[in-house]
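A.B. asks: Predicted model follows, preceded by the sequence.
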Amino acid sequence: MTIQFFGAARTVTGSKHLVTTDSGTRILLDCGLFQGIHTEELNQQFGFNPADVDYMVLSHAHIDHTGLIPKLVKEGFSGPIYTTASTIDLCEVMLMDSARIQEHDLERVNRQRNQRGQPEINALYTEADAQQALDQMRPVSYGKSFKITDDVTGLLTDAGHLLGSAAVSLTIKEKGETKQLFFSGDIGRPDDNILRRPDTFPQADYIICESTYGDRLHEPEPDMKAHLLRIVNQTCVENRGKLIIPAFAVDRTQELIYALDQLSSEGKLPVLPVYIDSPMSVKATAVMRDHEEDFNPEILAYIKKDGDAFNFPNLHYISEVVDSKAINDRPEPCVIISSSGMAEAGRIKHHIKNNIENPSTTILLVGYASPSSLAGALKRGDKEVRIFGERYPVNAQVEVMESFSAHGDYREMLEFLSCQNPARVRSMFLVHGDLDRQLVWREKLEAAGFSNIQIPEIKEKVVL
């Protein structure tokens, strides 16, 4: 058996790992889009023939794990895609949105490529390709084994990272030997405000493990709502400005809405408009409401008392473009929550562009941001950023709240892995992280008893 790493290798996006058994069965774990500045060419070629892939198992719906599935289908993959029902419903929202964004942005991207003397590129896929990908998805329940082939069975366990997110266990029989391969997907946090804590998983021989925050601990947040309220009051009440929050359309946006809903119910939230300006966020919130089976007991108790965790006075869900544009014409203070979380696409880029030079504006970053993304540049403290090909001075205030991160820190990831006997893990492969963080994460894992920890390069193939 071999594993070849075609994405999220010494980088955070583009999750894509191809498992090939000795009998020739090819199983792809995730098929994500590379995100960030100048990643167009990385998304043009897979490095393998999609038609040769027999099966796919998907960990969760984030675009850096799903965003190239329609292209995979377009170029010949015709097999089933195993994932949770919640993930399928989210993919219906997110992949269709991704197709529309790509078609919309293609003219601008090619204009910039022409200026750099580079050849034009084609759209990665269409909405029809996205629909075909959805048609190939097969729902799988947490904790129930499913047959892939006579020699391969799968098991999905709750990863606690996103609605429907899963870690993947594969049991593979080869030449009279049974091998257990585990793929962590993205590891969530044990104290998520909406989702259940990550679940345990069977003992593995080989582990593919994410590394996003392998070098850090999240700052303890004794009162996240109080922190959020302080930023709202300082920006909107004291400075009479706009609070702009880039947030992933799924989970992060809903967690913000839930926090603001609680503040409103407690009578603490100032009376001001709050805009959820993202058609995808509007649809994703509806999907969240339909899958309360993935919620933790605390929010279920709140819903039973409050009736709805995602609706309060002065909250406006914006879908139409004309209504989105109108927000920028309104001078009054407000809160704008819009996707994408890394501020690389969607309406959030327009809101940031229109307000980044205003010192009364605050841009609040609430999740992971790739260093090459616009949110990454703001988080790093760059004094000038490029938006839609033009440079803008950063006069707005930039705030960061790590408590909203959906990725476990190294202590939380070690807790997730504590169900394993390190002596029985033959090899571990670190993916989905920047190299400097992976090197630190490897040291933490070695201190916990794990050995033979490798950090594969892009396209590297490993024989198990």
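C.D. replies: The structure has been received and is ready for your questions.
A.B. asks: In this protein, what helix or strand scores lowest on average pLDDT?
C.D. replies: Least confident helix or strand of the chain, by mean pLDDT, DSSP states H and E, is helix 85-115 with a mean of 87.
A.B. asks: Quick one: residues contacting the nearest residue to residue 29 once chain neighbours are set aside.
C.D. replies: Closest residue to residue 29 apart from its sequence neighbours, by C-beta to C-beta, 6 or more residues apart in numbering: residue 17 at 4.3 Å. C-beta: built from backbone N, CA, C; applies to glycine. With contact taken as C-beta atoms under 8 Å, 6 or more residues apart in numbering, residue 17 is in contact with 3-8, 28-30, 183, 208, 431.
A.B. asks: and the gap between the residue sitting nearest the centre point of the chain and residue 33?
C.D. replies: With the centre of the chain defined as its mean C-alpha position, the nearest residue by C-alpha atoms, centre = their mean is residue 62, 3.9 Å away. Distance of residue 62 to residue 33, given as C-beta to C-beta, to the nearest Å: 9 Å.
A.B. asks: Spit out the contact partners of residue 237.
C.D. replies: 270, 333.
A.B. asks: Make sure I have this right: it is in a strand.
C.D. replies: No: with DSSP: H, G, I helix; E, B strand; the rest coil as the criterion, residue 237 is located in helix rather than a strand.
A.B. asks: what's the pLDDT at it?
C.D. replies: Turning to residue 237, the model gives it a pLDDT of 98.
A.B. asks: now residue 387
C.D. replies: 93.
A.B. asks: And the one 3 residues further on, by the same measure?
C.D. replies: The score at residue 390 is 94. That number is its pLDDT.
A.B. asks: same question, the one 3 residues further on
C.D. replies: Looking at residue 393, its pLDDT stands at 97.
A.B. asks: give me the beta-bridge partners of it?
C.D. replies: Assessed by DSSP bridges, residue 393 has beta-bridge partners residue 384.
A.B. asks: can you pull the contacts of it?
C.D. replies: 356-357, 383-384.
A.B. asks: Any of these buried? List them.
C.D. replies: residue 356 (16 or more other C-beta atoms under 10 Å).
A.B. asks: List of residues touching stretch 98-114?
C.D. replies: 33, 40, 63, 67, 70, 119-127, 129-130, 345-346, 388-389.
A.B. asks: Could I get the pLDDT score of residue 116?
C.D. replies: 85.
A.B. asks: Quick one: mean pLDDT for the longest strand along the chain?
C.D. replies: Looking across the chain with DSSP state E, the single longest strand is strand 166-174. Mean pLDDT, strand 166-174: 98.
A.B. asks: residues of that strand that come out buried?
C.D. replies: Those would be 166-173, for strand 166-174 by 16+ other C-beta under 10 Å.
A.B. asks: just these now: which is nearest residue 220?
C.D. replies: residue 167 (25.7 Å; C-beta to C-beta).
A.B. asks: my guess is that closest one meets residue 184, correct?
C.D. replies: Yes: contact status for residue 167 versus residue 184: in contact at 5.2 Å, counting by C-beta atoms under 8 Å.
A.B. asks: Which neighbours do those two have in common?
C.D. replies: In contact with both residue 167 and residue 184: residue 159, using C-beta under 8 Å, 6+ apart.
A.B. asks: quick one, helices of this protein?
C.D. replies: 63-66, 69-74, 85-115, 127-135, 224-232, 252-265, 279-290, 297-306, 321-329, 347-355, 374-380, 410-417, 435-447 (DSSP state H).
A.B. asks: highest average neighbour count across those?
C.D. replies: Per residue and on average, the most neighbours among the helices of the chain fall to helix 63-66, with a mean of 27 (mean count of other C-beta atoms under 10 Å).
A.B. asks: Pull the distance from that helix to the chain's centre.
C.D. replies: Relative to its parent chain, helix 63-66 has a centroid offset of 7 Å by C-alpha atoms, centre = their mean, to the nearest Å.
A.B. asks: name the helices or strands packed onto that helix?
C.D. replies: helix 85-115 (3 or more C-beta pairs under 8 Å, 6 or more residues apart in numbering; DSSP states H and E).
A.B. asks: gap between the helix it packs on and the chain center?
C.D. replies: The answer for helix 85-115 is 15 Å, by C-alpha atoms, centre = their mean.
A.B. asks: again, but for stretch 167-182
C.D. replies: Counting by C-alpha atoms, centre = their mean, stretch 167-182 comes out at 27 Å from the chain centroid.
A.B. asks: What of stretch 183-194?
C.D. replies: With C-alpha atoms, centre = their mean, you get 11 Å for stretch 183-194.
A.B. asks: what comes up buried for it?
C.D. replies: Neighbour-count burial for stretch 183-194 [16+ other C-beta under 10 Å]: 183-189, 192-194.
A.B. asks: tell me the domain boundaries of the protein?
C.D. replies: Here the domain parsing of the chain from automatic domain parsing is 2-216+406-463, 224-404.
A.B. asks: now residue 166: how far from residue 19?
C.D. replies: On the measure of C-beta to C-beta, residue 166 and residue 19 end up 16 Å apart.
A.B. asks: Oh, that last question was meant for residue 238, not what I typed.
C.D. replies: Counting by C-beta to C-beta, the gap from residue 238 to residue 19 is 55 Å.
A.B. asks: ditto for residue 271
C.D. replies: In this view, residue 271 and residue 19 are 54 Å apart by C-beta to C-beta.
A.B. asks: So between these two, which is more surrounded?
C.D. replies: Remark: of residue 271 and residue 19, residue 19 carries more neighbours, 23 against 7, as counted by other C-beta atoms under 10 Å.
A.B. asks: distance of the residue nearest to the more buried one when sequence neighbours are not counted from residue 124?
C.D. replies: Once flanking residues are discounted, residue 19 sits nearest to residue 27: 4.6 Å by C-beta to C-beta, 6+ apart. In this view, residue 27 and residue 124 are 23 Å apart by C-beta to C-beta.
A.B. asks: Show me which of the two is the more surrounded one.
C.D. replies: More crowded of residue 27 and residue 124, by other C-beta under 10 Å: residue 27, with 26 against 20.
A.B. asks: That one bridge partners, please.
C.D. replies: residue 19, residue 55.
A.B. asks: looking at it, it is touching residue 3, isn't it?
C.D. replies: No: using C-beta under 8 Å, residue 27 makes no contact with residue 3, being 9.9 Å away.
A.B. asks: Name the residues contacting each of these two.
C.D. replies: 18-20.
A.B. asks: Quick check: which ranges of this protein have low pLDDT?
C.D. replies: 37 (pLDDT under 70).
A.B. asks: 50 instead?
C.D. replies: Within the chain, no range satisfies pLDDT under 50.
A.B. asks: For burial, what's the neighbour tally of the closest residue to residue 77 other than its chain neighbours?
C.D. replies: Closest residue in space to residue 77, ignoring its immediate chain neighbours: residue 50 at 4.3 Å, by C-beta to C-beta, 6+ apart. A count of nearby residues for residue 50, using other C-beta under 10 Å, gives 20.
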